[in-house]
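Student: Attaching a predicted model along with its sequence, questions to come.
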Amino acid sequence: MTKIIYAVGIHADGGLNILEKFLDRCDNDVIFYLDNRIKIKKKENYIFVNGSSFNRLVHLFKLKSRTNIKDHILFLNGLPPIIKFNSEISVAFQNANIFRTFYKIGFLNWIFSRDILRNLIFSFGKKNVDNWFVFSPISQKILNKELNKYSNIKIINVLSDFNNKVESFSNDYKYDFIYPASGLKHKNHNLLFETLIQLSKENIYPKVLITLEQKYLNEVNFYKYRKKYKLKIENYFEKNQKIFIDIYKRCRCLLYLSRNETIGLPILEANKYGLFTIAPDLDYSSQFIEPDFKFDINSKNELKNIIKNFLLKSPEKKIIKDYKIKIENSLDFENFLNNIL
């Protein structure tokens, strides 16, 4: 039996974080198909694939020719294969943004987005899947609806890393707030800049760090707004999650603004490393732990006032409490790797 994890398409953000957990814990007998855009030390069981749609389709046919009924393929990239395999097929669904009802964007924006292509792939390929897995209760709920009450969607608990308490860092802060997110529309950077601009009109200039790739900086008017309103906002982009984690040491509070998430890993990371957390009053924010402050995602004044009060009180690092990430009826990650994959 050959065990294969197909992760082509994963090269950044939360998907890369989850992929790294699989790479760290899987034995060498598991074959990984990886996106050639990720920077990682090559191994004999790693096969790198060009992430373009054409190359991925070609490699799917090659993969089908190399597998048989005894093999098991886990599509970690969240999309089912559009061709039928003889082997057992599992899909770890991650990206709910392929569904417009979850994404909550206008029809025209949806038509011209990449997510509509992913949605078509999902619709054509879902019949080829034997097992569905997710990483959070919200993902399970969304997928259950899209699959017309599919009855066997299992949750894999990949969050055990967040059960370990980390000692608080020093109080030598460089930034008041950090917002670690990509430049995708639902990450809602426009709300961040609108709020900072309103604060600047009251002569309040919090120090903020964002984490955008260069290509997104102009899209969010980063340089324009920073110069025009004298905003104290900086950008730091680092793909390597293990390196990036150190940046939390220099921040007091996580500011999370996304309209849609299935996990919301930065909320867990910030809590683990002793940061306060400001997050929207949405289901994803509280599915594992409670943020310190929640705001109405549609109320700019509410977010502005929370930031003002936080800066006024200037709290020190919070005491990190012992807690466990509990997901009811979930599969332990190690058990999944050893007995199911």
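Tutor: In hand now; what should we look at?

Student: for the stretch 1-150 of the chain, what spans make up the strands?
Tutor: 3-7, 30-35, 46-49, 72-75, 88-92, 131-134 (DSSP state E, counting those that start in this stretch).

Student: Kindly reformat those as JSON lines containing distance to residue 55.
Tutor: Quick note: C-beta positions are derived from backbone N, CA and C, even for glycine. Shown next, in JSON lines, are the strands of the stretch 1-150 of the chain (distance: least, Cβ to Cβ, whole Å):
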{"stretch": "strand 3-7", "distance to residue 55": "13"}
{"stretch": "strand 30-35", "distance to residue 55": "10"}
{"stretch": "strand 46-49", "distance to residue 55": "6"}
{"stretch": "strand 72-75", "distance to residue 55": "16"}
{"stretch": "strand 88-92", "distance to residue 55": "20"}
{"stretch": "strand 131-134", "distance to residue 55": "25"}
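
Student: With mean pLDDT and mean neighbour count as extra columns, can I get those in CSV?
Tutor: Output for the strands of the stretch 1-150 of the chain, formatted as CSV (pLDDT from 0 to 100; neighbours: other Cβ atoms under 10 Å):
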stretch, mean pLDDT, mean neighbour count
strand 3-7, 94, 23
strand 30-35, 93, 21
strand 46-49, 92, 17
strand 72-75, 96, 22
strand 88-92, 95, 22
strand 131-134, 94, 21
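
Student: Nearest to residue 184 among these would be which one?
Tutor: For residue 184, the closest of the strands of the stretch 1-150 of the chain is strand 30-35, at 17.3 Å, according to Cβ to Cβ.

Student: surely residue 129 meets residue 91?
Tutor: Yes. Shown here, residue 129 and residue 91 form a contact pair, counting by Cβ atoms under 8 Å, at 5.1 Å.

Student: between those two, what contacts are shared?
Tutor: Residues touching both residue 129 and residue 91 by Cβ atoms under 8 Å, 6 or more residues apart in numbering: residue 80.

Student: Under the pLDDT cut-off, which ranges of the protein? List them.
Tutor: Applying pLDDT under 70 to the chain flags the ranges 103-104, 149-151, 163-171, 315-324.

Student: switch to 50 and redo it
Tutor: Residues of the chain meeting the criterion pLDDT under 50: none.

Student: which residues of it fall in helices?
Tutor: Remark: helices assigned in the chain by DSSP state H are 13-25, 53-66, 100-103, 107-111, 114-125, 137-146, 189-200, 214-217, 222-229, 241-244, 265-272, 300-313, 333-339.

Student: Make JSON lines out of these and add distance to residue 174.
Tutor: Listed next are the helices of the chain as JSON lines, based on distance: least, Cβ to Cβ, whole Å:
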{"stretch": "helix 13-25", "distance to residue 174": "23"}
{"stretch": "helix 53-66", "distance to residue 174": "41"}
{"stretch": "helix 100-103", "distance to residue 174": "34"}
{"stretch": "helix 107-111", "distance to residue 174": "36"}
{"stretch": "helix 114-125", "distance to residue 174": "35"}
{"stretch": "helix 137-146", "distance to residue 174": "33"}
{"stretch": "helix 189-200", "distance to residue 174": "17"}
{"stretch": "helix 214-217", "distance to residue 174": "20"}
{"stretch": "helix 222-229", "distance to residue 174": "17"}
{"stretch": "helix 241-244", "distance to residue 174": "15"}
{"stretch": "helix 265-272", "distance to residue 174": "16"}
{"stretch": "helix 300-313", "distance to residue 174": "15"}
{"stretch": "helix 333-339", "distance to residue 174": "34"}
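
Student: All set, thanks.
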